[in-house]
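Asks: just the structure for this:
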Amino acid sequence: MDHEIKREEWTSSSGFILACIGSAVGIANIWRFPYIVGENGGGAFLIPFLMVVIGLGLSLMMLEFAVGKYFQSSIVKSLEKIKNKLKWSGVFIAFVSLAILSYYLVIIGWIGFFLSRFLVASPVDFGAMSETYFPLIAFVIVSLIVVVIVGKGVINGIEKFNKISVLVLISILIPFSIYSATLPGAFEGISYFLMPDFSYLSNPGIWATAMGQAFFSLSLGSGALLTYGSYLGKRQFLLKPTAIIISTNTLVSIFAGILIFSLVFSSDQSPSQGLPLVFKILPEIFFQMDYGFVLGTIFFALLFVAGMTSAIGLFQVPMSSLQESLKISRKKATLIVFVLLMVIGIPSALSYTPLAIQINQMTFLDFMDDIFGTYGITLAELVFVLSVTWFMNKKKILENLNKNSKYTFPSWTIHLIKFVAPLLIIFTIIYSMFLKTF
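Replies: Numbers count the residues shown, from 1 in each chain. Model (predicted):
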């Protein structure tokens, strides 16, 4: 007989905030953000990135929280409650989250590999790792760790883990960034990172890339924020925690940039190395530094913690959707998601092994990141925004955005999100897919 599953709630506002910071702050901030900056003109990239984060990110994050809090449901059930046919929009968003997680866990496995090698003072470079099947083994291990944490529930698993891990992450990142800034040549790297070349701003590609990175960095479009918002009590107001989450996430990206560019420039390396920056260049830098094994261990521990907090948020999206849609237990839903991850993720895990699985002359992992990390998550946010602002009652949206808050959003805010946000997202998708190829 069908029955409603009792929904857990965060034990405190701080638990919710730390969990959302953990979901937003991930290797997208520490791994992806620096190399995206390096490929897009250094400090010039920060201008459109910060404009998107503040101008659009705040309202879109609050919208996800508000919808989750109002319906107290997963992404699939929330959109289905707005309009029955919109459940397929929720299914699409949940699938995008699952697809991103499938290769994201592979990258976390790489991080675990480097961390383990630095811990025993026996580092191996990325190329040597790719000649083994350790990436596959590591992918399975980190997936099982996430399964165990999520399986314990919102309070005993996700909230407890994030309360510790987010504080550990920040306590490692800030001192390490300050230390790296004192290295010889670090000032040049920090200048490259923070001082903009305004000529780059005329390139529409930077604006499109900035929006994609902002969505990736803030977890917009993945359904994780809506899912976490659904575990809020009805009385919780949203503006203050949203501002704290976005500010912390942005500061982590800035400190990560200072850390990475200080290390890169102090070792006379190029900042525009692309994806290999963290996994090929930085280990070489640590090999050559005094106390390099210690610093390398600290860095990859930082990266591992950041990756795991985001992975847990991504995992929760398809898990909660399956749990509510099929009316099954958390453990069963968790097991199903784990099996799906193995099916979808193994080709990515084998991309950088002797098998070197490829598609369209790209490694399978790079293909997945290009399709889902660049286009999929942006398209998912577009689907979410259109589903909510065009079909949900506007008064209910505004009421939940402003509930129990001293500061209220005017009614035109909804129209801004309804028309302006989709146009900007569509521009990003069109540019990324077509214009940059010409």
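
Asks: so who does Q358 touch?
Replies: Contacts for Q358 were tallied using Cβ atoms under 8 Å, 6 or more residues apart in numbering; they are S351, F364, F367. Yep, even glycine has a C-beta here, placed from its N, CA and C like the rest.

Asks: look at M1 and report its pLDDT.
Replies: Looking at M1, its pLDDT is 38.

Asks: and which of the contacts of Q358 is nearest to N40?
Replies: Of all the contacts of Q358, F367 has the smallest distance to N40: 21.5 Å, by Cβ to Cβ.

Asks: OK, contacts around the closest one?
Replies: Going by Cβ under 8 Å, 6+ apart, the list of residues near F367 reads Q358, I359, N360.

Asks: could you dump those into TSV and include secondary structure and distance to M129?
Replies: Shown next, in TSV, are the contacts of F367 (DSSP: H, G, I helix; E, B strand; the rest coil; distance: Cβ to Cβ, whole Å):
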residue	secondary structure	distance to M129
Q358	strand	18
I359	strand	21
N360	coil	24
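
Asks: can you list these in TSV and add pLDDT and distance to L386?
Replies: Shown next, in TSV, are the contacts of F367 (pLDDT from 0 to 100; distance: Cβ to Cβ, whole Å):
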residue	pLDDT	distance to L386
Q358	88	34
I359	88	30
N360	82	29
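
Asks: which of those residues sits closest to F49?
Replies: Nearest to F49 out of the contacts of F367 is N360 (Cβ to Cβ; 28.7 Å).

Asks: give me the nearest residue to G257, chain neighbours excluded.
Replies: Using Cβ to Cβ, 6 or more residues apart in numbering and skipping residues adjacent in sequence, the residue nearest G257 is F193, 4.8 Å away.

Asks: for burial, what's the neighbour tally of the one you found?
Replies: A count of nearby residues for F193, using other Cβ atoms under 10 Å, gives 25.

Asks: check the one 3 residues further on too.
Replies: A count of neighbours around P196, defined by other Cβ under 10 Å, yields 15.

Asks: let me see the backbone angles for it.
Replies: phi -80, psi 150 (degrees, to the nearest 10).

Asks: and it, how close does it get to G41?
Replies: Distance of P196 to G41, computed by Cβ to Cβ, to the nearest Å: 7 Å.

Asks: what of P283?
Replies: Counting by Cβ to Cβ, the gap from P283 to G41 is 26 Å.

Asks: same check, this time on L259
Replies: Distance of L259 to G41, given as Cβ to Cβ: 19 Å.

Asks: who's more crowded, those two?
Replies: A count of neighbours by other Cβ under 10 Å puts L259 above the other of L259 and G41, at 26 against 20.

Asks: which parts of the helix or strand where that one lies are buried?
Replies: For L259, the host element (DSSP states H and E) is helix 239-266. Buried residues in helix 239-266, counted by 16 or more other Cβ atoms under 10 Å: 239, 241-242, 244-246, 248-250, 252-266.
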